[in-house]
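> next input, structure requested:
(2 chains)
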Amino acid sequence: EAQVTQNPRYLITVTGKKLTVTCSQNMNHEYMSWYRQDPGLGLRQIYYSMNVEVTDKGDVPEGYKVSRKEKRNFPLILESPSPNQTSLYFCASSLGLAGDNEQFFGPGTRLTVL
Amino acid sequence: GENVEQHPSTLSVQEGDSAVIKCTYSDSASNYFPWYKQELGKRPQLIIDIRSNVGEKKDQRIAVTLNKTAKHFSLHITETQPEDSAVYFCAPDNFNKFYFGSGTKLNVKP
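Numbers count the residues shown, from 1 in each chain, chains lettered A, B, ... in the order given. So this is what the prediction gives:
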């Protein structure tokens, strides 16, 4: 089944404790992206990647890191989480080198930073 | 970055009525204009999209119209049904980035 998976789905952590949210897709998509969703603000793009070893900042990259060592995986890293990073996070992927194609979203990761 | 605005923020219609949601954007370089639907507790899913060389696109009860000159595009849902109740987001592209609107909560009353 073609899909985007994220792990974990729920995470409660404390300020400053490094964490990684994994994202994997099995559709051989070139483009992958991370978003955070906060009430009243829609989805905001954190980072995106157009290919292996090619990543770029989205609208709200501060406090986050990403890597794209393999085509299928695009982990999101929070080196020192803070309470303002409490949010719902979505990973997405799409076919093609540019972003002008349908994005397929993962199920989401609800992160709480205490 | 791109400035994207959606209107209205909430919309309540009677089952069978039509619904229209408008999205305005600021960057004339945008070329891809999708609409996503997000049901409560679920992930966003694409329902329709349009590219800049097309003015209108239809898929059964859903249509999207684009006015590149005025920099806006609209989602049209006809014969609304209770299962259309959700939050709808526009997300025009901007040099490989996406800027989502803040969403429109559509409530279809049976």
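> next, count neighbours for residue B:10.
Residue B:10 sits with 10 neighbouring residues when counted by other CB atoms under 10 Å in any protein chain shown. Quick note: C-beta positions are derived from backbone N, CA and C, even for glycine.
> who does the nearest residue to it once chain neighbours are set aside form a beta bridge with?
Closest residue to residue B:10 apart from its sequence neighbours, by CB to CB, 6 or more residues apart in numbering or on different chains: residue B:105 at 4.7 Å. Beta-bridge partners for residue B:105, by DSSP bridges, are residue B:10, residue B:87.
> might one say that residue B:105 is in contact with residue B:84?
No: assessed by CB atoms under 8 Å, residue B:105 is found out of contact with residue B:84, at 11.6 Å.
> interface residues of chain B facing chain A?
Contacts of chain B with chain A, taken as CB under 8 Å from any CB of the partner chain, map to B:1, B:31-32, B:34, B:36, B:43-46, B:49, B:51, B:89, B:91, B:93, B:96-103.
> in strands only, show me those residues.
B:32, B:34, B:36, B:45, B:46, B:49, B:51, B:89, B:93, B:97, B:98 (DSSP state E).
> of those residues, which pair is most distant in space?
Spatially, the most separated pair among these is B:45 and B:97, at 20.2 Å (CB to CB).
> pick out whichever of the two has more residues nearby.
When residue B:45 is set against residue B:97 and neighbours are counted by other CB under 10 Å, the residue ahead is residue B:97, at 18 against 14.
> nothing else from me, thank you.
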